[in-house]
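Enquirer: Based on what follows, work out the 3D shape:
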Amino acid sequence: MKSSPSLLLKNVQHPDGRIGDLSISSGRVGHFGAGQDAENVINCTGLLVLPAAVDMHVHMRGWRQSAKEDWASGSKSALAGGVTVVVDQPNTLPPLTTPALFSARVCEAKTYSLCNFAINSSVTPDTALFAMWKAGAMAFGEIFCAPSSYSEAIGTKELTASLGCIAELGALATVHAESVNAGPDTNLISHDALRSPEREILAIHAIRRSNTSGCRLHFCHMSTARAIDAAAGTIEVTPHHLFLSREQFMPDETKVKVNPPLRSERERKELWTRWKQIDVIASDHAPHTAAEKGLTFPEAPSGVPGVETMVPLLLAEVLNRRITLPDLILKTSQAPARLLGLPPAGFVPGDRGDFALYPKIAVRIDPDRLHSRCGWTPFEGHMALFPSVVIRDGMVAYRDGEFFRYEPTWFAGNGYVPP
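Expert: Predicted structure coming up:
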């Protein structure tokens, strides 16, 4: 006799318009269609039911930076935004340059994270890339081609050699394409000028020239339409470059100092015209404390929080008919999973049973209702749709402000060799 599913989502509206019941057993989708009995049933009438997001670009901080964020607070922020898998970047303190440090990071995430996760490897002249691949790195980078907060730039010769090694492994290289002019960095206008769109394009061309091995490239946080046009590889764009421009803030507003910088309103609007060319939306969640962001502009670190607001902001644009729901699912869930080699979340039998259930009501973003330890957001006042229920591995991980912790899954990269 066939056993009942552990969870049944009733009256789910599929993105193609069909309505049916979705069964989940042992963390995997069993069937979409006619209903059946289950241990737990959630009525999804009137809700948007989306495959949960994969945010392939987050900085979960922790260790020496726990005042900004740690795995517990950052993963709560992810779940409350409909994200069940995050990919942590390696520019931690200390950076992930050795298998021992990498393993310690995995252990920390397993102990405290409420969502599933993967972790990337640093790429520096001293990093043993083959050893990091065996340790379980999901991908390599982000590789910094210009200095940023807690990261030094890699030289051209080292970049070519590193991309050669990564290509030999069959792995993915994620790159931060910037170059920086000399000069005073005193406000949002000068920050944009020092790390200008033209300098971003120069960096893209330099990376392409350095990639003599044909390594798979993923360009992180492209900030202009021209950058997207220049890139050769998969394209990632952040919500802060889609929704924010420097003209929306006072010139000395340090909270929105970020790399690449916020661009002009004209360039922000132009970025939307490349929506179909964008492969992945990722948050580049990079929280800092309000005190750090309260320093003078030259001293304030770059980066903004965003994992909790990423999908909710885009869903508001779905309601406004600016983008389609299938496009949103593709760019926040299906494409990053495919790019990283993760099992997809979705409606097909065997898919990962990760879903987020959203009321069809937009609200204004209130920083006091968010979960990042940093306690602020650059999107305050923007309209967004937040999930009421989030399901991870077929189990309710978040419901109406309450979190439920189950041991997270670590998604190791394809080169992982268990000790």
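Enquirer: Would you enumerate the residues in contact with the residue positioned nearest the centre of the chain?
Expert: In the chain, the C-alpha closest to the average C-alpha coordinate belongs to residue 55, at a distance of 2.7 Å (CA atoms, centre = their mean). Residue 55 is in contact with 78, 83, 85-87, 282-283, 285, 307, 310, 332, 336, counting by CB atoms under 8 Å, 6 or more residues apart in numbering. For glycine as for every other residue, the C-beta is placed from the backbone atoms N, C-alpha and C.
Enquirer: could the residues you listed go into JSON lines alongside neighbour count, pLDDT and distance to residue 70?
Expert: Formatted as JSON lines, the contacts of residue 55 follow (neighbours: other CB atoms under 10 Å; pLDDT from 0 to 100; distance: CB to CB, whole Å):
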{"residue": "78", "neighbour count": "33", "pLDDT": "98", "distance to residue 70": "13"}
{"residue": "83", "neighbour count": "31", "pLDDT": "99", "distance to residue 70": "16"}
{"residue": "85", "neighbour count": "27", "pLDDT": "98", "distance to residue 70": "18"}
{"residue": "86", "neighbour count": "32", "pLDDT": "98", "distance to residue 70": "13"}
{"residue": "87", "neighbour count": "22", "pLDDT": "98", "distance to residue 70": "17"}
{"residue": "282", "neighbour count": "29", "pLDDT": "98", "distance to residue 70": "20"}
{"residue": "283", "neighbour count": "30", "pLDDT": "98", "distance to residue 70": "17"}
{"residue": "285", "neighbour count": "31", "pLDDT": "98", "distance to residue 70": "13"}
{"residue": "307", "neighbour count": "35", "pLDDT": "99", "distance to residue 70": "13"}
{"residue": "310", "neighbour count": "27", "pLDDT": "99", "distance to residue 70": "19"}
{"residue": "332", "neighbour count": "27", "pLDDT": "98", "distance to residue 70": "24"}
{"residue": "336", "neighbour count": "26", "pLDDT": "98", "distance to residue 70": "23"}
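Enquirer: Which ones among those residues lie within strands?
Expert: Those of these mapping onto strands are 83, 85-87, per DSSP state E.
Enquirer: Dump those to JSON lines, plus distance to residue 173.
Expert: Shown next, in JSON lines, are the ones in strands among the contacts of residue 55 (distance: CB to CB, whole Å):
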{"residue": "83", "distance to residue 173": "23"}
{"residue": "85", "distance to residue 173": "20"}
{"residue": "86", "distance to residue 173": "19"}
{"residue": "87", "distance to residue 173": "14"}
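Enquirer: between the contacts of residue 55, which is nearest residue 229?
Expert: Of all the contacts of residue 55, residue 229 sits closest to residue 282, with 19.5 Å by CB to CB.
Enquirer: Spatially nearest residue to the closest one (excluding sequence neighbours)?
Expert: Distances taken as CB to CB, 6 or more residues apart in numbering place residue 57 nearest to residue 282, at 3.7 Å, with adjacent residues excluded.
Enquirer: ditto for residue 405
Expert: In space, residue 405 is closest to residue 114, 5.2 Å off (CB to CB, 6+ apart).
Enquirer: got it, and residue 362?
Expert: The shortest distance from residue 362 to any residue other than its chain neighbours is 4.4 Å, reached at residue 383 (CB to CB, 6+ apart).
Enquirer: that older thread, wasn't the residue nearest to the centre of the chain part of a strand?
Expert: Yes: assigned with DSSP: H, G, I helix; E, B strand; the rest coil, residue 55 falls within a strand.
Enquirer: hang on, the earlier thing: what is the burial count for the residue nearest to residue 405?
Expert: 26 (other CB atoms under 10 Å).
Enquirer: Show me how the chain divides into domains.
Expert: Following automatic domain parsing, the chain resolves into domains at 7-48+348-402, 52-340.
Enquirer: Let me see the ranges of the helices in this protein.
Expert: The residue ranges that make up the helices of the chain, judged by DSSP state H, are 71-80, 99-112, 129-135, 156-169, 188-194, 197-210, 225-230, 239-243, 265-272, 290-293, 310-319, 325-329, 335-340.
Enquirer: Between the ones you listed, which one is closest to residue 143.
Expert: helix 156-169 (6.9 Å).
Enquirer: ok, residues contacting that closest one?
Expert: Contacting residues not belonging to helix 156-169 are listed as 123-125, 129-130, 133, 140, 143, 145, 154, 172-173, 206-207, 210-217, 415 [CB under 8 Å, 6+ apart].
Enquirer: Same check on stretch 266-276?
Expert: Here stretch 266-276 makes contact (CB under 8 Å, 6+ apart) with 197, 223-225, 228-229, 237, 241-245, 262-263, 322-323, 327.
Enquirer: thinking again about what came up before, wait, what's in contact with the residue nearest to residue 362?
Expert: For residue 383, the contact set (CB under 8 Å, 6+ apart) comprises 316, 362-365.
Enquirer: Out of the residues you listed, give me the one that has the most neighbours.
Expert: Busiest of those [other CB under 10 Å] is residue 365, holding 21 neighbours.
Enquirer: Could you report the separation of that one from residue 80?
Expert: To residue 80, residue 365 is 12 Å away according to CB to CB, to the nearest Å.
Enquirer: Flag the shaky bits of the chain, pLDDT-wise.
Expert: For the chain, the stretches flagged by pLDDT under 70 are 1-5, 35, 146-152.
Enquirer: sorry, back to before: of the contacts of helix 156-169, keep whichever come out buried.
Expert: 123-124, 129, 133, 140, 143, 145, 154, 172-173, 207, 210-211, 215-217, 415 (16 or more other CB atoms under 10 Å).
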